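K.L.:
Structure here, sequence nowhere to be found:
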């Protein structure tokens, strides 16, 4: 019947039939995790497809943020409203410190803002975000460490409906204003662009006039209504924007010099060839995202039928030609995209897994990588014992017992971005981490997000143990690589990751990069964990736990293969400077011969550090 639309940690279905027919639910499978469509059975979401006309910005005041139509509270089920607020407003957040040595969380000025799109504004040292519930554009002053006054977006219907919101998946700052370019007498530099699902539109906030403009997308979805605009890129050199919608198999191009407020002027449509999806219901074919390659003057597009088939497209803007890359069956749900302009490789996340991978567009070669396995903390289980753990199976997390839930759960790397230093960042939405991968040395560093919401996971009843995730759905990287900011959609927070903070330990493996092993035979891998003398932060317990994952399964689990450490956990600090353990790996006799990747490393309460080893199984 239904394929898994979210991770195993979100098992039960919303009573969605009250507001969606079954066909609509299937249409939403690509973004089910982010939209919360696979949630506790008592949660009911109300979606409206009404598109409002643009109102004069000056007619709106801070008072408009309040629920102006009080009658909705009497006509809507009070329990429904209560459940919505508990789920999406941070009401079920575990009380934890808002700083863990690397990540600091900031609660937004208003309650229940449901922030999503976020962008770092390097020119003024601010971070911009959008509230999908209140319909405001806000900013945080990094130098002053405080929120600025929020700007009210005209005609935001969810402000009047206690259980409504409009997703704003992408927010971008047009930083071409360094040269103060002018178009038609208007200074464009630093303007803010963002998508709007409900109104099927693209917005622009003009800093110079402190006003909003809306540009209507000249198309819709016969099955969903709105095109669900989700991904946007800016071509600053040629005054263009590119965007796609989940429920539109088209690339949209906006000529900024011709776009007019309240109209579709200046927006053109390029149909994406979808013959590769023949035989699949068109309603189940969705567009993932885009990435602009300014060096090649081309746009990459991901397209998928979740769990069935995936393809990548590269559109040459000069030749007006699509190049199609068919993906292997196990990578059937491409989503996030990032272009490495130096190597010209494309990096992709695969929805519904813990996998991210690299595509060489010239050879078609694909190398898969995987995150660490989903932390048992997501399910209310501890990861660190007393530091004397022996080696039993390499997958042990909680007192030598690993639950089937954790074994089969995936971390869901969602969006992926390339940083100025060449590293790649992505959000592990269901792993509750922000992650950095350095392709040059195949090092993966993951940062645990302090906040956890119990309603977004399978948590032990009656337990006071922290459990759940923060729903970190979008992020933005500063130009100087010093900070990564992200939104916590269901927690009413934005978070800052300080990338300057040194890790408390480092991991070195031997062999370092490649290993050949026969099926059924065991190989030893030496792992050395060394305390950092310049560490910015040490976890309170000072206990290190060894971790391992691999590309054998979509979740990073070893499947029928086995791997274990000679010692699972131990104490390490500035006094106990290093520890060497052995990881013993044995590929199962029924594992298909081929190329895989092992991820081996260590973690404490706040951070994990892993090294990738390319594995040739014969």
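P.N.:
Looks like it came in fine. These numbers come from a predicted model, not from an experiment.

K.L.:
Which parts of the protein are helices?
P.N.:
Assigned by DSSP state H, the chain shows helices spanning 22-27, 32-35, 71-75, 78-88, 404-408.

K.L.:
how deep is residue 369 tucked in, by neighbour count?
P.N.:
Other residues lying near residue 369 total 25 when counted by other CB atoms under 10 Å. Backbone N, C-alpha and C define where each C-beta goes, glycine included.

K.L.:
Now residue 243. Nearest residue, chain neighbours left out?
P.N.:
residue 232 (4.2 Å; CB to CB, 6 or more residues apart in numbering).

K.L.:
thought the one you found was touching residue 170?
P.N.:
Yes - between residue 232 and residue 170 there is a contact under CB atoms under 8 Å: 4.4 Å.

K.L.:
Which residues are in contact with each of those two?
P.N.:
The contact sets of residue 232 and residue 170 overlap at 194-195, 243 (CB atoms under 8 Å, 6 or more residues apart in numbering).

K.L.:
Adding neighbour count, write the residues you listed out as TSV.
P.N.:
Below are the shared contacts of residue 232 and residue 170 laid out as TSV (neighbours: other CB atoms under 10 Å):
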residue	neighbour count
194	26
195	29
243	26
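
K.L.:
Where does the prediction get shaky in the stretch 251-400 of the chain?
P.N.:
Of all residues in the stretch 251-400 of the chain, those with pLDDT under 70 make up the ranges 383-400.

K.L.:
Quick check: the spatially closest residue to residue 582 that is not a sequence neighbour vs residue 322, distance?
P.N.:
Closest residue in space to residue 582, ignoring its immediate chain neighbours: residue 566 at 4.3 Å, by CB to CB, 6+ apart. Distance from residue 566 to residue 322, counting by CB to CB, to the nearest Å: 52 Å.

K.L.:
Could you do residue 99 as well?
P.N.:
Going from residue 99 to residue 322 by CB to CB gives 47 Å.

K.L.:
for residue 225, same thing?
P.N.:
Relative to residue 322, and taking CB to CB, residue 225 is found at 27 Å.

K.L.:
cool, and residue 248?
P.N.:
Distance of residue 248 to residue 322, given as CB to CB: 16 Å.

K.L.:
Ok, residue 373 next?
P.N.:
Residue 373 sits 37 Å away from residue 322 when distances are taken as CB to CB.

K.L.:
cool, and residue 113?
P.N.:
39 Å.

K.L.:
Who has more neighbours out of the two?
P.N.:
Taking other CB under 10 Å, residue 113 and residue 322 do not tie; residue 113 has more neighbours (29 against 17).

K.L.:
got the contact list for the more buried one?
P.N.:
Contacts of residue 113 by CB under 8 Å, 6+ apart are 131-134, 136, 138, 492.

K.L.:
Now do residue 379: how many residues are near it, please.
P.N.:
Neighbours of residue 379 under the rule other CB under 10 Å: 21.

K.L.:
ok, now residue 513?
P.N.:
11.

K.L.:
Now for it: which residues touch it?
P.N.:
Shown in contact with residue 513 (CB under 8 Å, 6+ apart): 442, 612-614.

K.L.:
rerun that using 7 Å as the cut-off
P.N.:
442, 613-614 (CB atoms under 7 Å, 6 or more residues apart in numbering).

K.L.:
circling back to that earlier point, the residue nearest to residue 243 contacts residue 196, correct?
P.N.:
No - contact between residue 232 and residue 196 fails when scored by CB atoms under 7 Å: they sit 10.7 Å apart.

K.L.:
Just want to know which of these two has more residues nearby.
P.N.:
residue 196 (26 against 23).

K.L.:
Give me the pLDDT for the more buried one.
P.N.:
Looking at residue 196, its pLDDT reads 97.

K.L.:
before we move on, what about residue 22?
P.N.:
We have a pLDDT of 29 for residue 22.

K.L.:
how about the nearest residue to residue 452 once chain neighbours are set aside, what does it touch?
P.N.:
Excluding its sequence neighbours, the residue lying closest to residue 452 (CB to CB, 6+ apart) is residue 468, at 4.1 Å. The contact partners of residue 468, taken as CB under 7 Å, 6+ apart, are 378, 452-457, 459.

K.L.:
Okay then, goodbye and thanks.
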